[in-house]
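Asker: Make a model of this:
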Amino acid sequence: MVSVAAVIIFLTSIPIAYYSSKYKIDMDLLTRCAGFGYLGSTLTSVIYASFTFIFFSLEGSIMAQAITALIHTPLRVILLFGPFIAVGVTHPAAFAAFSHFGGNSVSGSAFTLVGRPSPR
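Answerer: Have a look, this model is predicted:
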């Protein structure tokens with residue numbers, strides 16, 4: 001029964017994939033036009049984004065396990081902290097500029113709930 005459902009889903013997805021790629025329709029527009037509405041389209045985008053984060057974390061853990069299995073702990077620590085040390089040696093002011101960056105907002109680094117400048 002599961003294989004029948006898989007075949008039906010696969011066959012119905014072929015024309016959807018074809019026409020969405022041919023007419024350059026993204027997933028948001030496709031789900032809105034399919035009757036999901038704005039909220040359903042947003043929910044679909046959140047689901048796809050969560051899948052992306054899950055796949056990135058899986059790939060990262062696979063790479064970390066491969067590095068650990070291939071070459072043990074010292075190289076892994078060097079690969080983890082090496083870029084920070086290289087930036088600290090070549091551009092020592094970069095860390096201070098990054099940690100004190102207030103953004104391009106008119107309120108600077110002050111937090112405002114509604115995005116308006118905070119009174120000073």
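
Asker: switch to C-alpha atoms for all contacts and neighbour counts from now on
Answerer: Noted.

Asker: ok, S41 - how many residues close by?
Answerer: By other CA atoms under 10 Å, the residues close to S41 number 20.

Asker: Could you pull out the buried residues of the helix or strand where it lies?
Answerer: Following DSSP states H and E, one finds S41 within helix 37-70. Judged by neighbour count using 16 or more other CA atoms under 10 Å, the buried positions of helix 37-70 are S41, T44.

Asker: so what does it touch, helix or strand wise?
Answerer: helix 27-31 (3 or more CA pairs under 8 Å, 6 or more residues apart in numbering; DSSP states H and E).

Asker: now with 10 Å?
Answerer: helix 27-31, helix 73-90 (3 or more CA pairs under 10 Å, 6 or more residues apart in numbering; DSSP states H and E).

Asker: can you tell me which residues contact H72?
Answerer: Q65, A66 (CA atoms under 10 Å, 6 or more residues apart in numbering).

Asker: I'm done for today, thanks for sticking with me.
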